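Participant: predicted coordinates and the sequence they were generated for:
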Amino acid sequence: VEKDQASLEKLLHKNFIELSIAKHNQRSILFYLHLIKQKDEQTYQHSLRVALLGVQIGDFLRIDKKPLLFGGCLHDVGKIYIEDELLKKRHYTKQDMEHMKEHVMHSYHLVKDIHPFTAEVILRHHKYQEDHYPLILPISHKEYTATERSKIDYYARLLALADFYDAITNRDNDKYGEAKKLSYDEVKDIMFSRNHDQKRLIRDLYTCEIFGKTK
Ligand SMILES: [Fe+2]
Ligand SMILES: [Fe+2]
């Protein structure tokens, strides 16, 4: 779905209210989003779309949607430390890719003292792809129980799925091996072939049209 910036922002605020996000957390999220927006409008809109898609996925699964809202908004904030030329580049070399990977640790460090749980989730938003990174995760300063740790992984997996879907449906560069916009069928094929562990959920999300909306 092609949504302009104003309607994405409106939807974000609607979710703040519907999910009863505390005022201080709203302000904090908006602050991080402001940083991203100043840096790069594309990444800003991507972050909003991933957050909103995450909420829809959470809604479908009937789980707490807040970690997906927070995670979507904040997962790429570390890109504010990536040079403009690299961020806006269309064709990435292997070296560029390596450099881009640093955004995950940057996001983590920017967020960890204010939203520790979200920081753990976003630290893992590129963990579920073939070329996953970062390879070594920092030790969290908080001790998480086994239940909390599996929650972190679960939310990270869903965030990664929303992030991946938005990337392949909206990016018109060749980061995913394509220089043009992918068709509905191409996107669907890639979603299944690159997310073997989530086939059932992907199928369900297509069925209920959270994925694959064409208008
Ligand atoms: Fe990312
Ligand atoms: Fe992303």
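Facilitator: Structure received. All values reported here derive from a predicted model rather than from experimental measurement. Ligands and ions are numbered 1, 2, ... in the order given.
Participant: alpha carbons only for contacts and neighbour counts from here, please
Facilitator: Fine.
Participant: in space, what's closest to residue 36 - neighbours in sequence excluded?
Facilitator: Closest residue in space to residue 36, ignoring its immediate chain neighbours: residue 44 at 5.4 Å, by C-alpha to C-alpha, 6 or more residues apart in numbering.
Participant: CA atoms only for the helix or strand hosting the one you found, dumped as CSV, please.
Facilitator: Using DSSP states H and E, residue 44 falls within helix 41-61. Extracted in CSV, the C-alpha atoms of helix 41-61 (Å, rounded to 0.1, in the frame of the first residue of the first chain):
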residue,chain,number,x,y,z
GLU,A,41,12.9,10.6,4.7
GLN,A,42,13.0,7.2,3.1
THR,A,43,14.2,5.5,6.3
TYR,A,44,11.7,7.6,8.3
GLN,A,45,8.7,6.4,6.2
HIS,A,46,10.1,2.9,6.2
SER,A,47,10.2,2.9,10.0
LEU,A,48,6.6,4.1,10.2
ARG,A,49,5.4,1.5,7.7
VAL,A,50,7.3,-1.3,9.6
ALA,A,51,5.8,-0.2,12.9
LEU,A,52,2.2,-0.1,11.5
LEU,A,53,2.7,-3.4,9.7
GLY,A,54,4.0,-4.9,12.9
VAL,A,55,0.9,-3.7,14.8
GLN,A,56,-1.3,-5.4,12.2
ILE,A,57,0.7,-8.6,12.5
GLY,A,58,0.4,-8.4,16.3
ASP,A,59,-3.3,-7.8,16.0
PHE,A,60,-3.7,-10.8,13.8
LEU,A,61,-1.7,-13.0,16.3
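Participant: beyond it, next helix or strand please.
Facilitator: Following helix 41-61 in sequence, per DSSP H and E, is helix 66-74.
Participant: who does that next one touch, helix- and strand-wise?
Facilitator: helix 23-39, helix 41-61, helix 116-122, helix 146-170 (3 or more C-alpha pairs under 8 Å, 6 or more residues apart in numbering; DSSP states H and E).
Participant: tell me how far it lies from the chain's centre.
Facilitator: 8 Å (C-alpha atoms, centre = their mean, to the nearest Å).
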